[in-house]
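>>> What follows is a protein structure lacking sequence information:
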């Protein structure tokens, strides 16, 4: 096999149609664009979101409120839940996950002060409310922020 004998596979190449090259070509005249109208003109392209002058969707849909893109989501655990479900002296997000008090390991945990705490525990979490800190220290425990 030599370079001068190489050929394209049959049917792999399609002959291009030359548009707007006279009436004899079969694609002359309007050059396959039809008669008149925005799409027949040069530069007459319409954006995909254009709705023909109808009020666009992004303007029709009602808009309310404000969405803070910097918001941090926390998994909330109350002091009363710690009292009821956990017997260990040290509490970490891993022990909370095992006890079923939180669902995800990678989302930060916040301890809130709802309820009573009588056991002394060393609690490690990402955030604590003021009332939770008071109740933990009052019970003889320790709060460590991660």
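That came through, no problem. Everything numeric in this text was worked out from a predicted model, so none of it was measured.
>>> Next, the buried residues of the helix or strand of the chain with the lowest mean pLDDT.
Counting by mean pLDDT, DSSP states H and E, the chain has its least confident helix or strand at helix 79-85, which shows a mean of 87. By 16 or more other CB atoms under 10 Å, the buried positions in helix 79-85 come out as 79, 81, 82, 83. Every C-beta, even on glycine, is put in place using the N, C-alpha and C of the backbone.
>>> for it, the distance to its chain's centre please.
Averaging C-alpha positions (CA atoms, centre = their mean, to the nearest Å) puts helix 79-85 33 Å from its chain's average.
>>> which is the next helix or strand following that helix?
Where DSSP states H and E defines the elements, the next helix or strand beyond helix 79-85 is strand 90-91.
>>> in the chain, which helix has the most residues?
helix 130-138 (DSSP state H).
>>> quick one: buried residues of the helix or strand just after it?
Downstream of helix 130-138, the next assigned helix or strand under DSSP H and E is strand 142-145. Judged by neighbour count (16+ other CB under 10 Å), strand 142-145 contains these buried residues: residue 143.
>>> what does strand 142-145 rub up against?
With contact meaning CB atoms under 8 Å, 6 or more residues apart in numbering, strand 142-145 is reached by 111, 121-128, 132-133, 136-137.
>>> Between all of those residues, which two are separated the most?
Across the contacts of strand 142-145, the longest distance by CB to CB is 18.2 Å; it joins 126 and 137.
>>> Could you pull out the strands in the chain for me?
Ranges of strands in the chain, per DSSP state E, are 75-78, 90-91, 109-112, 122-125, 127-128, 142-145.
>>> Of these, which stretch is the most buried?
Ranked by mean neighbour count under mean count of other CB atoms under 10 Å, the strands of the chain are led by strand 109-112, which reaches a mean of 22.
>>> can you list contacts of it?
74-79, 82, 93, 96, 102, 123, 125-129, 131-132, 136, 143.
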